[in-house]
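Participant: predicted structure and sequence below. I'll ask about it afterward.
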Protein chains: 2
Amino acid sequence: MTSSHSFTAASPVYTYQRIVEQIEHAILSGEFPVGSQLPSERDLMGQFGVSRPTVREALRVLQSMGLLEPRPGTRGGPVVLAPSPDTLGRSFRTMLGTASLDLAELLQYRIILDGSASELAAIRHTDAELALMREGIERMREAAEADAPDFADADLAFHERVWAASGNQILSLSGHAVWGALRGLLQRDAERSPGDNSVKLESVRIDTGLFEAIERRDATEAGRIARTALADRFSSMLSDPEQRTLEQFLGRAP
Amino acid sequence: MTSSHSFTAASPVYTYQRIVEQIEHAILSGEFPVGSQLPSERDLMGQFGVSRPTVREALRVLQSMGLLEPRPGTRGGPVVLAPSPDTLGRSFRTMLGTASLDLAELLQYRIILDGSASELAAIRHTDAELALMREGIERMREAAEADAPDFADADLAFHERVWAASGNQILSLSGHAVWGALRGLLQRDAERSPGDNSVKLESVRIDTGLFEAIERRDATEAGRIARTALADRFSSMLSDPEQRTLEQFLGRAP
DNA sequence: CAGGATAGATGGTAAGGCCACTTGGTGCAA
DNA sequence: TTGCACCAAGTGGCCTTACCATCTATCCTG
């Protein structure tokens, strides 16, 4: 008689992968807080009972995930890094590049994040944060009027300050990540549509309205402006049904 | 006279990193479609002019990003994989894991995600997705009435189906990550508040209302229910100013 | 006491080698 | 002819050893 037990697939487990898991778990569980040091490669090689190349493969993976940074010298050893939106943005870009993520999803997500961040910024911004946002708007205006190439940077800087004013670190990190992915996607299209600085001036006008709504603590209006600005700017790149869903989501279609 | 040129940071570039970039670019540009094979490690080592450990470090990184899979044997070589959204979820989790989260941020973020996902689900759900959500509600009800220990699983399963019905993978993945982080943060508190199943029944009642709003495609109401449910359930754990910000964000305070 | 020289440890990279396994073909047998 | 068992070649997995540039801490000198 055969047993009714069902076996699970015996996929091979790479030793470097087990090392990654152990170190990752130790970091995420707080055993190694940000800024602390792991044992050196040569020590880890002893602790895990593997050779140095294997340890290094694991450390490389963790490094590419943005969790670690090598630190040479005496008393050195891999250092645990603070979280950065870079790796998340990188994942977004990879998914977009391999077409397992479409633009509509990413745009929806950014509309959700930017809208909510703007509402929160309107509600709870401090004077210092307001001053930073105002300065950001000014830099945008100058860059647009001079038709400067660093307009995109100024644009990002302003929105970074809005995210920061939301008081929510997660919003800030993920907003940054999505922004990077979206910009990467638009870079190709940006080349064929020359640096028409009328669109830059229009962006400045819209963001100025957003800033003023935040300034007078009008959360509803701030959210509305942020959402519609993104939708109006990008919706032409979407298919018809995607556009319709977006309009319904914004409450602009019955 | 000093030049006004501003230099860019001269951070060291690791050779493994340049190999990763080259291979990644080749894959994303379509030069190596899904299912195709890269040259073997020994070939790559010749093409890049580096040693095998260096090539392997690069391949490990790409492998951990879910882009490659090793394939031994004659005519072997790394094979390009179909992209999986798992890596995106993984990025979310590590970002949330290393960020020093406080409950208020996490709760805000989940309110934003769940509210938006519920609105989208109301707008664009299909019959099949509706049936899955209905089934999820039923499982929740059964688990609550039996006071079963797997109520949390049933709860998660229902919300997963709402996220899925939103049609947005990113919402789904990040919702899952935030849910996990929130649960991890609450696990300590959960022990002292025993499994009072009146709260479970209350959850079922609320989620049933959410489901019905989604069913009749009432996006506004669905979003409102999702947001207020989370706020009501967790706000008692927040400080007073955090509660006030939350109430303002929900539009329930002047 | 300050500052520079020195020694030790660390990570970066290379070279060579062994093993288990997969694959593809070959040759034998039915 | 067909099927199958066997074998050789190539691949990734892992290890060992080794050298170098660089950084840090310490000590020593001025």
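Facilitator: Cool, the structure landed. Given the structure is predicted, the values throughout are model-derived calculations rather than measurements.
Participant: what segments of the stretch 101-250 of chain A are helices?
Facilitator: Using DSSP state H, counting those that start in this stretch, the helices of the stretch 101-250 of chain A run over A:103-124, A:127-145, A:151-165, A:169-192, A:197-215, A:219-234, A:240-250.
Participant: any idea of the mean pLDDT for the shortest one?
Facilitator: Predicted confidence along helix A:240-250 averages 94 (mean pLDDT).
Participant: buried residues, it. List them.
Facilitator: Across helix A:240-250, burial judged by 16 or more other C-beta atoms under 10 Å in any protein chain shown covers A:242-243, A:245-246, A:248-250. In this view, the C-beta of every residue, glycine as well, is placed from N, C-alpha and C.
Participant: now the helices of the stretch 101-250 of chain A in TSV, please, with extra columns for distance to DNA strand C.
Facilitator: As requested, those are exported to TSV (distance: least, C-beta to the nearest atom of the strand, whole Å):
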stretch	distance to DNA strand C
helix A:103-124	33
helix A:127-145	36
helix A:151-165	29
helix A:169-192	24
helix A:197-215	40
helix A:219-234	39
helix A:240-250	40
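Participant: could you say which of the ones you listed is packed most deeply?
Facilitator: Comparing the helices of the stretch 101-250 of chain A by mean neighbour count (mean count of other C-beta atoms under 10 Å in any protein chain shown), helix A:103-124 ranks first with a mean of 24.
Participant: got any ranges where the stretch 151-254 of chain A has weak pLDDT?
Facilitator: Scanning the stretch 151-254 of chain A for pLDDT under 70 picks out A:187-196, A:253-254.
Participant: closest to DNA strand D out of the helices of the stretch 101-250 of chain A?
Facilitator: helix A:169-192 (27.1 Å; C-beta to the nearest atom of the strand).
Participant: residue of the stretch 51-200 of chain A nearest DNA strand D, please.
Facilitator: DNA strand D sits closest to residue A:73 of the stretch 51-200 of chain A, with a gap of 2.9 Å, by C-beta to the nearest atom of the strand.
Participant: can you get me a residue count around that residue?
Facilitator: Residue A:73 is flanked by 6 other residues according to other C-beta atoms under 10 Å in any protein chain shown.
Participant: confidence score at it?
Facilitator: 90.
Participant: what helix or strand is it on?
Facilitator: Residue A:73 is part of no helix or strand, with elements assigned from DSSP states H and E.
Participant: determine the set of other helices and strands touching the helix or strand containing residue A:91.
Facilitator: Assessed by DSSP H and E, residue A:91 sits inside helix A:85-97. Helix A:85-97 sits against helix A:103-124, helix A:169-192, helix B:15-28, helix B:86-98, with contacts defined as 3 or more C-beta pairs under 8 Å, 6 or more residues apart in numbering or on different chains; DSSP states H and E.
Participant: and residue A:102, what does it touch?
Facilitator: Residue A:102 makes contacts with residue A:96, as judged by C-beta atoms under 8 Å, 6 or more residues apart in numbering or on different chains.
Participant: one step back: need the buried residues of helix A:240-250 in CSV (columns: distance to residue B:42).
Facilitator: Below are those laid out as CSV (distance: C-beta to C-beta, whole Å):
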residue, distance to residue B:42
A:242, 46
A:243, 51
A:245, 50
A:246, 50
A:248, 56
A:249, 52
A:250, 55
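Participant: now, among the residues you listed, which is nearest to residue A:26?
Facilitator: Residue A:26 has its nearest neighbour among these in residue A:249, at 41.4 Å by C-beta to C-beta.
Participant: hmm, that closest one is touching residue B:118, no?
Facilitator: No - between residue A:249 and residue B:118 there is no contact, the gap being 11.4 Å when judged by C-beta atoms under 8 Å.
Participant: and for the two, which residues touch both?
Facilitator: In contact with both residue A:249 and residue B:118: residue B:219, using C-beta under 8 Å, 6+ apart.
Participant: including distance to residue A:49, could the helices and strands packed on helix A:85-97 go into CSV?
Facilitator: What follows is these, written out as CSV (distance: least, C-beta to C-beta, whole Å):
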stretch, distance to residue A:49
helix A:103-124, 43
helix A:169-192, 36
helix B:15-28, 24
helix B:86-98, 26
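Participant: dump those to TSV, plus distance to DNA strand D.
Facilitator: Output for these, formatted as TSV (distance: least, C-beta to the nearest atom of the strand, whole Å):
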stretch	distance to DNA strand D
helix A:103-124	33
helix A:169-192	27
helix B:15-28	12
helix B:86-98	18
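Participant: out of those helices, the one nearest residue A:39 is which?
Facilitator: For the helices and strands packed on helix A:85-97, proximity to residue A:39 was assessed by C-beta to C-beta; helix B:86-98 is nearest, at 19.2 Å.
Participant: buried ones in that closest one, by neighbour count?
Facilitator: B:87-98.
Participant: before we move on, the earlier item: any idea how far the residue of the stretch 51-200 of chain A closest to DNA strand D lies from residue A:44?
Facilitator: Using C-beta to C-beta, to the nearest Å, residue A:73 is found at 17 Å from residue A:44.
Participant: do the same with residue A:126
Facilitator: On the measure of C-beta to C-beta, residue A:126 and residue A:44 end up 44 Å apart.
Participant: which one of these two has more residues nearby?
Facilitator: Neighbour totals were compared for residue A:126 and residue A:44, and residue A:44 leads with 23 against 10 (other C-beta under 10 Å).
Participant: give me the three-state assignment for the more buried one.
Facilitator: Under the three-state scheme (DSSP: H, G, I helix; E, B strand; the rest coil), residue A:44 adopts helix.
Participant: tell me how far it lies from DNA strand C.
Facilitator: Residue A:44 is 8 Å from DNA strand C, where distance means C-beta to the nearest atom of the strand, to the nearest Å.
Participant: now the nearest residue to that residue once chain neighbours are set aside: how far from DNA strand C?
Facilitator: What sits nearest to residue A:44 in space, not counting adjacent residues and going by C-beta to C-beta, 6 or more residues apart in numbering or on different chains, is residue A:55, at 4.8 Å. Per C-beta to the nearest atom of the strand, residue A:55 is found 9 Å from DNA strand C.
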